[in-house]
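1. Here you go, sequence then predicted model.
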Amino acid sequence: MRLLPLLTVLIFALIACSPKHQPAQAERHYQLTGKILALNPKDQTATVDAAAIPNFMEAMSMEYPIESKAEFNTLHVGDRIKATVDMRDDGYDLSNVQKQK
């Protein structure tokens, strides 16, 4: 007879301690400026030596996917660019890629 109340308490404790499903965060956008170091047409990625992005990341060289094939095809190694880093829970990419003089 005492087993039923004990099992009930145990079940409620397990439910209360189970991981909660977190809602997806909204997409975030950051302005990037940098220089193209390498291009990978197979993966449609660009390695960019980027300046620091305030409140996001330090200056660093990093590979970025570029979603737009048209934008990717205009780029060359050595180009200075300005772009938007689009951050999502499932990854990131560059959009609005523009060459700078």
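-> Structure received.
2. For this structure, which segments are assigned as helices?
-> Along the chain, the segments classed as helices by DSSP state H run 3-17, 69-73.
3. what's the weakest-modelled helix or strand in this protein?
-> Every helix and strand of the chain was ranked by mean pLDDT, DSSP states H and E. The lowest is helix 3-17, at a mean of 63.
4. Now the terminal residues of stretch 48-63, how far apart.
-> Terminal residues of stretch 48-63 lie 6 Å apart, using Cα to Cα, to the nearest Å.
5. Oops, could you answer that again for stretch 31-48 instead?
-> Terminal residues of stretch 31-48 lie 13 Å apart, using Cα to Cα.
6. Please name the residues that touch Met62.
-> Thr47, Val48, Ala50 (Cβ atoms under 8 Å, 6 or more residues apart in numbering). For the C-beta atoms, the positions are set from N, CA and C on the backbone; glycine is no exception.
7. Neighbours of Lys42, how many?
-> 5 (other Cβ atoms under 10 Å).
8. Could you list the buried residues of stretch 49-58?
-> Ala50, Ile53 (16 or more other Cβ atoms under 10 Å).
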